[in-house]
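In: Give me a 3D structure for the following:
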Amino acid sequence: MEKTIWTLDSLEKIGGHAVSQEGSPKLIDTPAGKAVAFDGVEDIVYVADHPLAGAETWTIEAVFRPDGGAFEQRWLHLAEADPVNGDAQTPRTLFELRVVEGGWYSDAFTTGPGYNKALIVPENVFPLGRWYTVQQSFDGKIYRSYVDGVLQAEAEIAYVPQAAGRTAIGMRINKATPFKGAVHSLYFTRRALTPAEFQRLPEGL
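Out: Take a look at the predicted model:
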């Protein structure tokens, strides 16, 4: 098993890829090293890579901290490139969240030709201002989402591998639904991991 690891300890390169940004995302110190903080208004980081392009099965993991802000937030967007029409509506996979009174709940989303699925469980509300691991995976048949390794929702989908493109962190790729919080690290694997294989929360977070 080989995970592609993106540690958000630089705003110049992430995972060895070129980075651009808008707004003023900031490097912050945590007990487990650096992270990038987003203001929930205009901060976004673009990475010139779709780390799961061509993958038939996959897992995305993240270590992040939601801090409040607007109700609807899309904080990780993997997008297939379209040089003619742009990549706002191309095949894509996202981590989203919804902020409500008392906390937040998870929304994982993927869409492409013949599939369109949101895994969202409004009754599972978690406190704000804490670090979490979140995961989503596709095993060739079932799409699943997790918070701290605990299954939130699952559904059968007819997933089609996405082509090369780029990634947005902190906002939807077309600069909508900004995220207020911080992202420490992202992990990408070209197979569906079991919860026992998930990345654990780094010590101190």
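
In: Wait, Tyr146 touches Gln152, no?
Out: Yes - assessed by Cβ atoms under 8 Å, Tyr146 is found in contact with Gln152 at 6.0 Å. Where C-beta positions appear, they are placed from N, C-alpha and C, glycine not excepted.

In: more crowded one of the two?
Out: Under the criterion of other Cβ atoms under 10 Å, the comparison of Tyr146 against Gln152 puts Tyr146 first, with 23 against 20.

In: With Lys34 as the reference, measure out to that one.
Out: With distances taken as Cβ to Cβ, to the nearest Å, Tyr146 is found 25 Å from Lys34.

In: confidence score at the nearest residue to Trp58 once chain neighbours are set aside?
Out: In this structure, Trp58 finds its nearest non-sequential neighbour in Leu52, 4.8 Å apart by Cβ to Cβ, 6 or more residues apart in numbering. Per-residue pLDDT puts Leu52 at 98.

In: swap in Thr30?
Out: pLDDT at Thr30 comes out at 98.

In: Could you tell me which residues make contact with it?
Out: Taking Cβ atoms under 8 Å, 6 or more residues apart in numbering, we find Thr30 in contact with 131, 182, 184, 204-205.

In: Format the residues you listed as CSV; extra columns: distance to Gln73 and pLDDT.
Out: As requested, those are exported to CSV (distance: Cβ to Cβ, whole Å; pLDDT from 0 to 100):
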residue, distance to Gln73, pLDDT
Trp131, 16, 99
Ala182, 13, 99
His184, 17, 99
Gly204, 25, 96
Leu205, 20, 97
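
In: show me what contacts the residue nearest to Ile5 when sequence neighbours are not counted?
Out: Distance criterion Cβ to Cβ, 6+ apart; nearest residue to Ile5, sequence neighbours excluded, is Tyr187 at 5.6 Å. By Cβ under 8 Å, 6+ apart, Tyr187 lies in contact with 3-6, 59-62, 199.

In: When you compare pLDDT across those, which one is lowest?
Out: When the contacts of Tyr187 are sorted by pLDDT, the bottom entry is Lys3 at 94.

In: Can you name the residues bridging to it?
Out: Thr189 (DSSP bridges).

In: who's Asp29 bridged to?
Out: On the basis of DSSP bridges, Asp29 is bridged to Lys34.

In: And it, how far from Gln21?
Out: Distance from Asp29 to Gln21, by Cβ to Cβ: 19 Å.

In: neighbour count winner among those two?
Out: A side-by-side neighbour count of Asp29 and Gln21, using other Cβ under 10 Å, places Gln21 first with 15 against 8.

In: Would you confirm that Asp39 contacts Lys180?
Out: Yes - between Asp39 and Lys180 there is a contact at 6.6 Å, judged by Cβ under 8 Å.

In: Looking at these two, which one has more neighbours?
Out: Neighbours were counted for Asp39 and for Lys180 using other Cβ under 10 Å; Lys180 has more, 22 against 17.

In: my guess is that one meets Pro66, correct?
Out: Yes - between Lys180 and Pro66 there is a contact at 7.3 Å, judged by Cβ under 8 Å.
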